[in-house]
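Trainee: For reference, the sequence and a predicted model appear below.
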Amino acid sequence: MSFAVLLTIKVLAVLGLMIGGALVVIFAELKIGAHMQNRMGPYFAGGRFGWAQPLADGLKFMQKEDLVPDGADERVYKLAPYVVLMGTVGVFVVLPLSPRFVARDLDLGAFYALAISSLTTLGVLMAGWSSNNKYSLIGGLRAAAQLIAYELPLVLAVVAVAIQAGTLSISGIIEAQAVPVFTIGELNVALPYILTGQIIGFAIFFIASIAELSRIPFDMPIAESELTMGFVTEYSSIRFTMFFLAEYAGMLSMSALATAFYLGGYQLPGLSSTAIEVLGPVIFISKVFLLSFVFIWLRWTLPRFREDQLQSLAWRWLIPAALLNIAITATFKVVF
Amino acid sequence: MSFGDWIGQLENWVFAVLAFGTLAGAILVVHSRNVIHAALGLVLTLGSLAGLFLLLGAEFVAWTLVMVYIGAVIVLFLFGIMITRAPLGYEIDLSHPTSVKVTAAIVAGSLFALIGWAFLDAFEAVEFAAVDGPTRTADIGISMFTNYVIPFEVMSFLLLAALIGGIVLARQDPEEADE
Amino acid sequence: MTAADQGGTVHISDAAVSVELDTPGMTLNIGPQHPSTHGVLRLVARVDGERVSSLEPVIGYMHRGYEKLVEVRNYAQIITLINRIDWTAGYANEVPFVVAVERLTDIEAPERAQYIRVILTEMTRVSAHLLFLSSFPLELGASTPLMYAVRDREYVLELIEGVTGGRFHPNFNRVGGVKPVAGGGSTTKKQSQDLPAGFIAATNAMVERLRGTCITFDDLVSGNEVFLARTKGVGFITAEQVHQYGISGPNARASGVGFDVRKHENYLPYDKFDFVIPTETDGDCYARYAVRLAEIRESLNIIEQAVNDLPGGPLRSKVPRILKVPAGEIYVRGENPKGEMGYYIVSEGGRIPYRVKIRTASYSNLAVLPELMDGALMPDLVAILGSLDFVLGDVDR
Amino acid sequence: MTDSQSEAAVDGTDHNALADYAASVAEAVGASSWTADHGTVRLMVARSDWVSAVQAAASTGLRFFSFLSAIDWANEVEVGEGIAGDSVDERYEMLCRLSSTANADAVHIITSVSKDDASIDTLTGIFAGAAWHEREAAEMFGIDFVGNTNLKKLYLPDAFEGHPLRKNYPLLAREIKPWPGTVDVEDKPSTTNVEAEAGASE
């Protein structure tokens, strides 16, 4: 197979995974949220369960007029959603669904994923500033302050994982979680990192990723009761869809990273490596959706924090805890 | 190597595009009359630079550039600009008079010539061994913590000092705040 | 004042002169169409980053001029008008007015009518407070309590509708009693015919159901850490401010001013029921929430006692066909869900009042807002707005 | 005065107690006259004593500022029914209700403001909450509150002219369509409506 064909297939696979996954998560949000609120949720579009509702929503948005507010900085305004989407799509490149099923297994995949996802901050700031709307500007600033604050604990949490695994490759980290921790008779038991020392790291990573995604309880950038819709207030049509898609794809990619780093990725204790070859994607995607469900669950349960409370949570609690976590992990790594 | 050979290779095309991006971004930074556009020009420059590093197989440097410079430094730039003053549109006063422009151009040109000349002088005859695949991060780590451990520690000490300095500068004393 | 204050661009040269980099604030127009303003309220906020340095409420978008309109309507017609003042508590708006007219004309409503008034007033209070329970967490970003509260509010509204025929604007009171139920026939018919069939059983079921709702809210909202972090110590109203601004109702009782018209005046036979007035002393947003949640429970107690002790008898006393109210001036107030609502009626002996001053609770409760916002944060603004629980119809009249 | 007494008084069942209470407050505020009909205590004070009377009433324990408004007493009215019987003094009556938050005690302090010189001192020095009520009264009756610096329109558009709650201000809707002021109940088709006949005969 030539390089070009392979590249095309990979690009399509990554995009398909992202958009398809995002649509599923959007549908899950609609339906699970509805049931948590004693509602039906979508039930018409597409047939019995209203499964086509996300598609219908997307198509509807695309038919709308693509408005650019008067006095907006048009170039920046139009570019912003692409930057946000770019930061999200980039992560999917390095996600391994099974030992072999990965678009590009980078040597420093974890580092790459965090680096590329920090582009979304830039896009959000661009959107907030260029909209020529005060709510958008405040929303953009809040988003930036929040992302800067939570990028740190996020990265620090991953550093501890990298130390424990001894690699920055995502596949490498997953493989490291297949190394037996102890044996019961004949049986070698391998456990994911969440059970072998990284439980605090997982908590930090998960909290920080909620903040990164601007979801309740950390959704101040789009807090609708204060800022109408924050940095996306002025967006319409396809550009709004892109923000929307990026949010859910981001949720998926954050869940996938957490799965890879803490939940053993495509591994399942007790399965042989052959079985994992086959069942890997199923296991991985199940874990990802499990985490996505927690995101949705929190979204429909909690109110939102205040911006200063979020900042103090990050700087006073999460970052010191993450540093402590690194120190402990490194100590164990050196001692054992 | 003839120009025909040069143009026939894909990576050279990629190089050309990235180099153009770097230059265009740089020109936007100094030329734009809008602070935000200038900062975004810097993003373009740094992004293209990261691409150039990738082309050289230096993945770690490339992604560090993206994470630290685009993800953090520029975002902080933009954040600072927007939180203090964020005018949409153009500012006339942002441009310097011609005399300053000319001087700056001369300084920049001579600096570029000097560095270019120094590089050519030092490495013109040296043929680097072709790198087989990307540089492993582990190698960078090992050399950083063996050969270069003292510079590394000095750097981290400097950064700590900068951090504390930043806090001292930004912190408002309670008495002052009361005024 | 810098150039940015005047809306112009800031020049780099200005920044060079001032050593302290000044950060010009901006004026934010919140509303009149905004998710967190209940109705059409406009807030002109001067914000410095997230901090609100000054705030000015601009009201009047809902002004309908009721005080003028009632000067050309006779007393029966006014009842249809005034239940639109606070549309979340339509029925309760009618009661003080009708009682005032009854006292001026020396007509006393029959006991059964009085009890029905109590039941409906308390149902209105439950429904209005449920609306608060739905909207307040929503301001703070929790959308699920909205669904639970609105779902259970429906049980109350159904009962109100069953008796009065209207969910929001019952127009059920008459001078000298209440209107016979739709299809219930004349005022002298038997007890079984003047309330919808099965009303008492349905009301008891509703009371049980809503007690469960209160427990749900305790579980879902009251102890929620995020909710506590957002509401505790935010929007502090002192007892002094309560007096200064005439803040009444749950807002006053959350600040330790335990005054309730129901306990202190007999505009309805509240002395026959056993209930307490919930009071908190913190005066913050959480206290206002807690008072309202507790009031729902107390109102349910009152409803339960009232329906089970409901006396028989006629619904309306004898009232002349053409009601002429003797000359005189009277002020009668009632405890509405939002606070003290009163009517100062000046009668000149005709069919039409000479002047009616309508004192509404939300008007006084909202007036304190600029003082609460002094130096508070933007997110606190919505928390405070939500916790004051005003309705723009009640503010503007 | 105890709680139970005042409750009874407000009910209008115990006129003597209420009258005693009214008399005592009237003395405290220096009222020229007082009434206590229908459970509503009204204390008439002179315009020059307006602020001091409110202050005095507040210091007797009536610290709760309920509302402030005005009544336009006019012999000729554009809308509604005019005054019955003899003519009254053309004047605005300022009305301020103060109450207690410990019991049902409450008084209305009333003073007259002449129409030629419709101005009175502000109460904002005593009650911060009076600011909005005074704005409303200024807007609706055209009364000037000396000392209140923020008397811009509260409800109406800035360009609005006139003072709607004055009795000489016409209600346009009623000019165009006189229903339901003149005829209370319209004839329903195919029924004989007793009330309609009664209303028409009036």
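Mentor: All right, it came through fine. All figures in this text were calculated on a predicted structure; none of them were measured in a lab.

Trainee: Domain parsing of chain B, as residue ranges.
Mentor: B:3-135, B:136-173 (automatic domain parsing).

Trainee: Nearest approach to chain C belongs to which of these?
Mentor: With CB to the nearest CB as the criterion, chain C lies closest to domain B:3-135 of those, at 4.6 Å. No exception for glycine: its C-beta is placed from N, CA and C like everyone else's.

Trainee: Show me how far that closest one is from its chain's centre.
Mentor: How far domain B:3-135 lies from its chain's middle: 6 Å, per CA atoms, centre = their mean, to the nearest Å.

Trainee: For the residue in the stretch 51-200 of chain A that chain D sits nearest to, which non-adjacent residue is spatially closest?
Mentor: With CB to the nearest CB as the measure, A:Lys134 is the residue of the stretch 51-200 of chain A nearest to chain D, at 23.7 Å. Excluding the flanking residues, the one nearest A:Lys134 by CB to CB, 6 or more residues apart in numbering or on different chains is C:Leu28, at 5.5 Å.

Trainee: pretty sure the one you found belongs to a helix, no?
Mentor: No. Checked against DSSP: H, G, I helix; E, B strand; the rest coil, C:Leu28 lies outside a helix; its state is strand.

Trainee: Mind pulling the model confidence for it?
Mentor: Per-residue confidence (pLDDT) for C:Leu28: 78.

Trainee: Can you give me the neighbour number for it?
Mentor: For C:Leu28, the tally of surrounding residues (other CB atoms under 10 Å in any protein chain shown) stands at 18.

Trainee: Helix, strand, or coil at C:Arg351?
Mentor: coil.

Trainee: What is the neighbour count of the residue nearest to it when sequence neighbours are not counted?
Mentor: In this structure, C:Arg351 finds its nearest non-sequential neighbour in C:Asn74, 4.3 Å apart by CB to CB, 6+ apart. Residues within reach of C:Asn74, counting by other CB under 10 Å, total 21.

Trainee: And A:Leu323, by the same measure?
Mentor: 15.

Trainee: hang on, it packs against A:Ala157?
Mentor: No. Counting by CB atoms under 8 Å, A:Leu323 does not reach A:Ala157; the two are 10.2 Å apart.

Trainee: how does chain C divide into domains?
Mentor: C:3-58, C:74-396.

Trainee: most tightly surrounded among the ones you listed?
Mentor: With neighbours taken as mean count of other CB atoms under 10 Å in any protein chain shown, the domains of chain C reach their highest mean count in domain C:74-396, at a mean of 21.

Trainee: Ends of it, what's the gap?
Mentor: Taking CA to CA, to the nearest Å as the measure, domain C:74-396 stretches 22 Å from start to finish.

Trainee: Going along the chain, name the strands of chain C.
Mentor: If DSSP state E is used as the criterion, the strands of chain C fall at C:26-30, C:42-48, C:51-58, C:173-174, C:177-178, C:328-336, C:339-347, C:355-359.

Trainee: continuing past the helix or strand of chain D with the lowest mean pLDDT, what's the next helix or strand?
Mentor: Lowest on mean pLDDT, DSSP states H and E among the helices and strands of chain D sits helix D:3-11, with a mean of 42. Next along the chain after helix D:3-11, taking DSSP states H and E as the criterion, comes helix D:15-29.

Trainee: If you average the pLDDT over that next one, what comes out?
Mentor: Helix D:15-29 comes out at a mean pLDDT of 77.

Trainee: Quick check: which helices or strands does it pack against?
Mentor: If you count contacts as 3 or more CB pairs under 8 Å, 6 or more residues apart in numbering or on different chains; DSSP states H and E, helix D:15-29 packs onto helix D:3-11, strand D:33-35, strand D:42-44, helix D:50-59, strand D:106-114.

Trainee: Next, format those as CSV and append mean neighbour count and distance to chain B.
Mentor: Below are the helices and strands packed on helix D:15-29 laid out as CSV (neighbours: other CB atoms under 10 Å in any protein chain shown; distance: least, CB to the nearest CB, whole Å):
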stretch, mean neighbour count, distance to chain B
helix D:3-11, 19, 47
strand D:33-35, 16, 51
strand D:42-44, 22, 47
helix D:50-59, 19, 34
strand D:106-114, 22, 42
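
Trainee: now these in CSV, with distance to A:Val179?
Mentor: Formatted as CSV, these follow (distance: least, CB to CB, whole Å):
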stretch, distance to A:Val179
helix D:3-11, 79
strand D:33-35, 93
strand D:42-44, 90
helix D:50-59, 80
strand D:106-114, 81
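
Trainee: That concludes my questions; thank you for your assistance.
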